[in-house]
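Trainee: Following is a predicted model, sequence given first.
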Amino acid sequence: MNGSLLLRNARLLDPVKGEYTEGDLRCADGRIVEIGEGLSAGDVRTEDLRGAFVLPGLVDAHVHVTASTADLGSLPASSPAYVTAHSARTMSRMLDRGFTTVRDASGADYGLADAQAEGLFRGPRLLFCGRALSQTGGHGDSRTRGANASEDHPCCAGLGRVADGVDAVRAAARDELRKGAHHIKVMASGGVASPTDRIDSTQYSADELRAIVEEAESANRYVAAHAYTARAVNRALELGVRSIEHGNLIDDLSVELFLRHDAYLVPTLVTYWALKEEGREHGLPESSWRKVDEVLGAGMAALERAARGGVKLVYGTDLLGGMHRHQNHEFRLRGEVQSALEVIRSATSTAAGLLNLTGEIGTLSPGAHADLLVVDRDPLEDIGVLAEPKAFRHIVQGGTVVSS
């Protein structure tokens with residue numbers, strides 16, 4: 001039967017409790033249906049795990065599957081067909097790293113999500129936002145100083161769309177929601193990969209941000225904001241943004257605001273490590289490469305501050321182009337600050353909370369999608385186990401073994 005599987009003699013992790021249960025796990029029709037001892041499933045694929053460890057499939061909540069290069073400004077000039085082909089390969093490789101669900105933080109659209117769901121190519125479940133909203137000269141505006149014309153036709157590839165003014169940002173948010181966006185992404189501060197802004201700038205007026213949040217909430221969706229500095233982060237949180245991406249330069253007030261507003265932080269440490277090491281080889285312009293140092297060192301300190309303060313932390317990587325292969329290295333980086341269990345939660349149960357998919361992903365509870373990761377060594381003892389996808393025994397998606 002499709003999507004049916006029986007795993008015997010497993011150690012099954014509950015990320016919320018941080019405990020293993022020894023026994024069997026049965027999947028049918030793509031869902032987990034039963035956990036117990038001595039289960040019988042009839043004529044379906046059965047794997048005797050002999051004490052191997054089973055986790056929920058991993059979640060990466062900050063990816064750019066269409067970013068075939070680190071030169072993001074070049075994407076609109078690329079053929080959409082070419083970008084799609086790259087995206088399919090990128091997503092297939094993400095699945096081979098144990099990621100069964102990813103949240104795209106701008107660039108991917110309903111076409112990629114539908115194609116994956118229909119099985120036209122293999123890859124993780126894709127939660128998309130379409131284009132990120134950016135002010136003129138903001139982090140989503142890829143024009144250089146000498147460029148005036150903007151090619152933002154919906155059929156072109158690219159990560160951002162420029163909208164200025166309350167009416168325009170409302171229309172832009174409504175347009176992305178019309179196309180099925182699971183969340184709205186806004187650029188609330190400067191960034192590394194944008195040519196004309198400063199990292200320490202705040203972007204969008206309070207009225208514009210408030211309008212975007214209002215539109216998302218009206219559609220029962222939420223806003224994720226790119227923001228680095230405490231000034232940008234704190235302002236976004238006070239205006240109702242639910243998810244802060246990066247947050248490398250947060251302060252103690254930021255921690256208070258995360259807790260007060262029940263918001264999430266998605267650090268992306270590995271991308272700065274990768275950009276510094278090899279960003280220029282993969283198309284990152286020299287001017288952007290020089291910006292990396294401003295956020296690289298601060299990232300670990302911000303993670304430690306947030307973890308110590310009890311902020312809800314979610315796994316994210318933000319890798320571009322050929323650097324996607326470092327996706328699992330984020331586990332090692334976070335393990336320098338957090339316990340192994342906290343890091344695992346960030347890529348399972350806490351991520352499910354952010355994505356509004358609690359009980360659907362990030363858990364081995366009956367009723368959840370049968371997305372599973374089987375490893376031979378205990379990741380609670382050594383988080384580095386999850387940084388080595390070549391050593392994974394099985395990756396299961398929807399009850400089907402997709403990599404072993």
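Mentor: Alright, I've got the coordinates.
Trainee: Can you name the residues that contact residue 341?
Mentor: Neighbouring residues of residue 341 by CB atoms under 8 Å, 6 or more residues apart in numbering: 15, 18, 380. Heads up, the C-betas are built off the backbone N, CA and C, glycines and all.
Trainee: let's go with 6 Å and repeat that
Mentor: Contacts for residue 341 (CB atoms under 6 Å, 6 or more residues apart in numbering) come out as 18, 380.
Trainee: I'd like to know which helix or strand in this structure has the lowest mean pLDDT.
Mentor: helix 286-289 (a mean of 78; mean pLDDT, DSSP states H and E).
Trainee: Could the C-alpha coordinates of it be exported in PDB?
Mentor: Extracted as PDB, the C-alpha positions of helix 286-289 are listed here (Å, rounded to 0.1, in the frame of the first residue of the first chain):
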ATOM      1  CA  GLU A 286      32.400  41.900  -3.500                       C
ATOM      2  CA  SER A 287      30.400  44.800  -2.000                       C
ATOM      3  CA  SER A 288      28.000  42.300  -0.300                       C
ATOM      4  CA  TRP A 289      30.900  40.000   0.800                       C
END
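Trainee: in that helix, what counts as buried?
Mentor: Buried residues in helix 286-289, counting neighbours by 16 or more other CB atoms under 10 Å, are found at 288, 289.
Trainee: now stretch 379-399
Mentor: 379-380, 383-389, 392-399.
Trainee: so the closest residue to residue 384 other than its chain neighbours is in which element?
Mentor: Spatially, and ignoring its direct neighbours in sequence, residue 384 is nearest to residue 332 (5.8 Å; CB to CB, 6 or more residues apart in numbering). Per DSSP states H and E: residue 332 is located in helix 329-335.
Trainee: Show me what that helix is packed up against.
Mentor: Secondary-structure packing of helix 329-335 (3 or more CB pairs under 6 Å, 6 or more residues apart in numbering; DSSP states H and E): helix 269-278, helix 340-346.
Trainee: need the ones you listed in JSON lines with mean pLDDT and distance to residue 303, can you?
Mentor: Converted to JSON lines, these look like this (pLDDT from 0 to 100; distance: least, CB to CB, whole Å):
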{"stretch": "helix 269-278", "mean pLDDT": "87", "distance to residue 303": "7"}
{"stretch": "helix 340-346", "mean pLDDT": "98", "distance to residue 303": "10"}
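Trainee: between the helix or strand just after the least confident helix or strand of the chain and helix 269-278, how big is the angle?
Mentor: Once helix 286-289 ends, the next helix or strand along the chain (criterion: DSSP H and E) is helix 293-309. Put simply, helix 293-309 runs at 160 degrees to helix 269-278, going by axes from the mean of the first three to the mean of the last three CA atoms, to 10 degrees.
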